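Asks: Pasted the sequence and its predicted model underneath.
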Amino acid sequence: MKKEFHHYVFGLFIEELLKLEHVKIIEMCHQINMGKETYGKLKKDDKCLSFYERILSYYYELLTEEEFMEKRREWTLRYIRYRKKYDHLHDDIK
């Protein structure tokens with residue numbers, strides 16, 4: 001039996017992060033070969049981490065190494081704050 005992992009809070013965080021970064025979703029989806037429908041499911045359903053990895057790779061291709069490292073630090077801090085604020089959602093879904 002395949003074990004399923006749920007990344008609901010992470011999906012919400014990614015959505016918020018894309019809004020903060022003013023990412024055009026349709027353009028990003030086209031560049032990472034992800035259908036808009038699949039992206040929509042990321043927000044509603046549980047998806048494999050490989051879909052989230054594509055979004056991270058999108059940024060890696062757009063930014064210099066220094067910019068990417070700075071964003072990584074910024075996003076890590078944002079994620080910590082986000083989890084503290086919304087951890088109850090994670091607990092409710094378990």
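Replies: Received it, and whenever you're ready, just let me know what you need.
Asks: Hmm, residue 26 and residue 36 touching each other?
Replies: Yes. If you go by Cβ atoms under 8 Å, residue 36 and residue 26 touch, sitting 6.3 Å apart. Any C-beta I mention is one placed from the backbone N, CA and C, and that applies to glycine too.
Asks: Mind telling me what element the residue nearest in space to the middle of the chain is part of?
Replies: The residue lying closest to the centre of the chain (Cα atoms, centre = their mean) is residue 14, at 2.9 Å. Remark: residue 14 resides in helix 8-20, with elements defined by DSSP states H and E.
Asks: After that helix, which helix or strand is next?
Replies: Moving toward the C-terminus from helix 8-20, the next helix or strand (DSSP H and E) is helix 25-31.
Asks: How about residues contacting that following helix?
Replies: 18, 34, 35, 36, 38, 39, 55, 58, 61 (Cβ atoms under 8 Å, 6 or more residues apart in numbering).
Asks: If you tally nearby residues, what's the number for the second one?
Replies: By the criterion of other Cβ atoms under 10 Å, residue 34 has 17 neighbours.
Asks: Strands of this protein, residue ranges please.
Replies: Counting by DSSP state E, one finds no strands in the chain.
Asks: Go through the contacts of helix 25-31 and say which is closest to residue 85.
Replies: residue 18 (17.7 Å; Cβ to Cβ).
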